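Colleague: 3D, please:
(chains A and B)
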Amino acid sequence: MPDIPLGQWVSDFIDWLLATVPWLFDAISAVMQVLVDGLTGALATPPPVVWIVLFTLVALLIRGWGLALYTVLAFLLVVSLELWVETMQTLALVLVAAVIATAIGVPIGILAARNRALSVVVRPVLDSMQTTPVFVYLIPAVFFFGVGVVPGVVATILFAIPPGVRLTELGIRQVDREVVEAAHAFGARPGQILREVQLPLALPSIMAGINQVIMLALSMVVTAGLLGAAGLGAVVVRAVTQLDVASGFEGGLAVVLLAIFLDRLTAAFGHPTALSRLFRARTRRTAPSGGTAETPRRSEEPAQAPA
Amino acid sequence: MPPVLRATGLTKVFGPREKEALRLAGEGVRRDEIHRQTGSTLAVHDVGFAVERGELFVVMGLSGSGKSTLVRLLNRLIEPSAGTVEVDGQDLRALGDADLRTLRNQKVSMVFQHFALLPHRTVRENAAYGLKVRGVGAGEQRERADWALRTVGLLDRADARPEQLSGGMQQRVGLARALAADSEVLLMDEPFSALDPLIRRDMQDLLVRLQTELHKTIVFITHDLNEAMRLGDRILMLKDGRTVQLGTGPEIISAPADDYVADFTSDVDRTRVLTAGDLLREPRMTAQLGQSTGEVLRALGAAEANGVYVLDADRRIAGVARDDLLARAVQDGRSAVGPRELVADYTTTTPDRPLVEFVHLVGRHPVPLGVVDDDGRLLGVVPRAAVLDALAVVPARREG
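Modeller: Numbering: from 1, shown residues only, chains lettered A, B, ... in the order given. Next comes the predicted model:
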């Protein structure tokens, strides 16, 4: 068997990239750093009670009393474990990574749903992304971005992209063919069909994908603690290296509490009833200012002059 | 007037080696043989027809006959492999994407088997969909949508979501969506097949009523020959993607082109399809007012009939002369047929009434059922023999 230096090639390629477009990595690095620092500051600077109240309100609005109660108890527990700042650092990393992963993954999913050739190419790439051991992501991230928060975020983004792509593509492909056909039959343009038919109908699936993106981001962000990213990952890594069972348990528990909060909250997005409840609440509030939701109102009060 | 919609030589092949499949189809090779040789499916082959303005044209066939493909070729939702489609003289295959979209939006609307409504929009927004795509203002959208919903009797549910409506109501929304677009041509792809029989009947009535008011040009797809007979001005029978017969309902019933069509027609309720006009025969004899009583009586005897229609100078029915009354008149010395010899022992109908509505009247009187025009002139008669003849089912299906 000839000895194929595959690893050497990849290594050479990375060296070449670093030598050719160093400004690109510097720019990415700067943007990430600003995003994470800004969000961490916003989450960790005010007294915990501010954010606990806000989180609870959001939980109440989207899911109801059960999750609101959980939110209060879980975050108070985090505070009493003295892990509040670390938890907020982790939350900031997760949010930044999840937003970017979604912004990359959902459009790719849309394109893959509309283009069979792209879909065929994308699928094995996603497969390999999901089966690659998580630590492998850390190596190129370190090469490109050094140590600290940024490589952690970048590795997290790469790791979290696949479900966003997959569930978006699946959701759009599952939209009732006859409904899409009807849109064509009434002369709608492809862009109109995407915006007004396919995306709204695929929304539950896309939201489920975003939920998965967030959960994967959370699991990776702890691993990213190995690179020196601050947060619960750092707590857990320190506990592992020092064989400190107590703080390892506490750090792990905080991760779990945060995970449950994020999962229940975002799972509600994918759930049609909770979603429509949110929609209805919103349209009712915006009704007087215009839009389609005002029509029932107007028919009840025919004498009313248009505002 | 030129036809609104004209299809010529429409053919569709799904799958690889389209050219070869087309060549085989042109040689008259059967569909399954084409599939075996080329791996392609011949969905529709060489179908041509023209639909006049205001006509309700039915395409009838079983599943797999190519009827759903055919209707999608008519607005190019499916690209034809060969043949042309013209709407208002405009060749669809010559249109670019943008022009094709404009045509679909303004001239040809479609109603779908499973309604195909947008579940996240209200009934009104669904009805206004074509107008929204067209880009008309919100006020006009609402006005047109409300008109269409009122027309189908659903205005009171305008703010509901489709999922809150029954199947029949959802299809009314589908119909309203097509009406609101104000297109000349409606393509209806088995619109009532997914509905249960009573609702289907209601929807058929609704369509008939709409058609008398709006005079759309409709291509209606169905697998139900009773529905086809009920609605269609003309019916195209499709089998394995090819035209088997094209004609009016009574034409198809009385002269099925082959065993396939005959098989179908044997299940049809003929009493609803055939009208008095279809069964009309020339009366064996009639008499005139003032004609000699003896002469009429002799003619009755020769014809072995018990009575005869007596007409005035305008061919209007004056009454029926019965043999016993004529005999008495001869005895009493009245030589001309006059009012005293006439009785009202007869029934008439107009030519457009279906058999089901008058079948019970046939054979009740000494004279056959009279068919009269709007002015009361006798057009002909429906003797009992004609009714029995029409109801007799065509020769039983042959096995194999």
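Colleague: In the stretch 1-150 of chain B, what residue lies closest to chain A?
Modeller: Chain A sits closest to B:N105 of the stretch 1-150 of chain B, with a gap of 3.0 Å, by C-beta to the nearest C-beta. C-beta: built from backbone N, CA, C; applies to glycine.
Colleague: quick one, what contacts the residue lying closest to A:Y137 once chain neighbours are set aside?
Modeller: What sits nearest to A:Y137 in space, not counting adjacent residues and going by C-beta to C-beta, 6 or more residues apart in numbering or on different chains, is A:A155, at 4.2 Å. Applying C-beta atoms under 8 Å, 6 or more residues apart in numbering or on different chains, one finds that A:A155 lies in contact with A:Y137, A:L138, A:A141, A:M220, A:T223, A:A224, A:L227.
Colleague: quick one: which of these is nearest B:L280?
Modeller: For the contacts of A:A155, the minimum distance to B:L280 (C-beta to C-beta) is 84.9 Å, reached by A:M220.
Colleague: Could you count how many residues lie near the closest one?
Modeller: A:M220 has 25 neighbouring residues, counting by other C-beta atoms under 10 Å in any protein chain shown.
Colleague: I figured it was touching A:P162, is that so?
Modeller: No: contact criterion C-beta atoms under 8 Å: A:M220 and A:P162 do not qualify, at 11.8 Å.
Colleague: For the residue lying closest to B:D240 once chain neighbours are set aside, list the residues it contacts.
Modeller: Nearest residue to B:D240, sequence neighbours excluded (C-beta to C-beta, 6+ apart): B:R31, at 4.8 Å. If you count contacts by C-beta under 8 Å, 6+ apart, B:R31 has them with B:T41, B:L42, B:H45, B:D240, B:G241.
Colleague: cool, and B:E140?
Modeller: By C-beta under 8 Å, 6+ apart, the residues touching B:E140 are B:L131.
Colleague: Check the secondary structure at it for me.
Modeller: Of the three states, B:E140 takes helix under DSSP: H, G, I helix; E, B strand; the rest coil.
Colleague: Distance check, it against B:W147.
Modeller: 10 Å (C-beta to C-beta, to the nearest Å).
Colleague: Drop anything exposed from the contacts of B:R31.
Modeller: B:T41, B:L42, B:H45, B:D240, B:G241 (16 or more other C-beta atoms under 10 Å in any protein chain shown).
Colleague: For those, give me JSON lines that also has secondary structure and pLDDT.
Modeller: As requested, the buried ones among the contacts of B:R31 are exported to JSON lines (DSSP: H, G, I helix; E, B strand; the rest coil; pLDDT from 0 to 100):
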{"residue": "B:T41", "secondary structure": "strand", "pLDDT": "91"}
{"residue": "B:L42", "secondary structure": "strand", "pLDDT": "92"}
{"residue": "B:H45", "secondary structure": "strand", "pLDDT": "93"}
{"residue": "B:D240", "secondary structure": "coil", "pLDDT": "90"}
{"residue": "B:G241", "secondary structure": "coil", "pLDDT": "91"}
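Colleague: residues from chain B in reach of chain A?
Modeller: Applying C-beta under 8 Å from any C-beta of the partner chain, we find that chain B lies next to chain A at B:75, B:77, B:100-106, B:108-110, B:112-114, B:116-120, B:122, B:124-125, B:129-130, B:133-134, B:142, B:158-159, B:177, B:181, B:187.
Colleague: Below-threshold pLDDT in the chain: ranges please.
Modeller: Let's take chain A. Scanning chain A for pLDDT under 70 picks out A:269-307.
Colleague: please go with chain B instead
Modeller: The model of chain B has pLDDT under 70 over residues B:393-400.
Colleague: the domain parsing of it - what is it?
Modeller: Here the domain parsing of chain B from automatic domain parsing is B:5-107+B:183-268, B:277-389.
Colleague: Pretty sure B:I78 sits in a strand.
Modeller: No: according to three-state DSSP, the state of B:I78 is coil, so it is not within a strand.
Colleague: biggest helix in the chain by residues?
Modeller: I went with chain A, as the question did not name one. Longest helix of chain A, by residue count under DSSP state H: helix A:84-114.
Colleague: Can you look at chain B instead?
Modeller: Counting residues, the longest helix found in chain B (DSSP H) is helix B:197-214.
Colleague: Toward the C-terminus, what is the element adjacent to it?
Modeller: Sequence order places strand B:217-222 as the next helix or strand after helix B:197-214, per DSSP states H and E.
Colleague: Check which helices and strands that following strand sits against.
Modeller: Applying 3 or more C-beta pairs under 8 Å, 6 or more residues apart in numbering or on different chains; DSSP states H and E, one finds that strand B:217-222 contacts strand B:41-51, strand B:56-60, helix B:67-73, strand B:185-189, helix B:225-231.
Colleague: angle of the first one against strand B:217-222?
Modeller: Relative orientation of strand B:41-51 with respect to strand B:217-222: 140 degrees, computed using axes from the mean of the first three to the mean of the last three C-alpha atoms, to 10 degrees.
Colleague: Quick check: B:E295 vs chain A, distance?
Modeller: 69 Å (C-beta to the nearest C-beta, to the nearest Å).
Colleague: That residue and B:R334, how far apart?
Modeller: For B:E295 relative to B:R334 (C-beta to C-beta), the value is 13 Å.
Colleague: repeat for A:I260
Modeller: 109 Å.
Colleague: cool, A:G7 as well?
Modeller: Counting by C-beta to C-beta, the gap from A:G7 to B:R334 is 126 Å.
Colleague: which one of the two has more residues nearby?
Modeller: B:R334 (14 against 8).
Colleague: Give me every residue in the stretch 151-300 of chain A lying close to chain B.
Modeller: A:176, A:178-179, A:181-189, A:192, A:196-197, A:200-201, A:292, A:295-296, A:299.
Colleague: Relative to chain B, which residue of the stretch 51-200 of chain A is the closest?
Modeller: Proximity of the stretch 51-200 of chain A to chain B (C-beta to the nearest C-beta) peaks at A:G187, 3.0 Å away.
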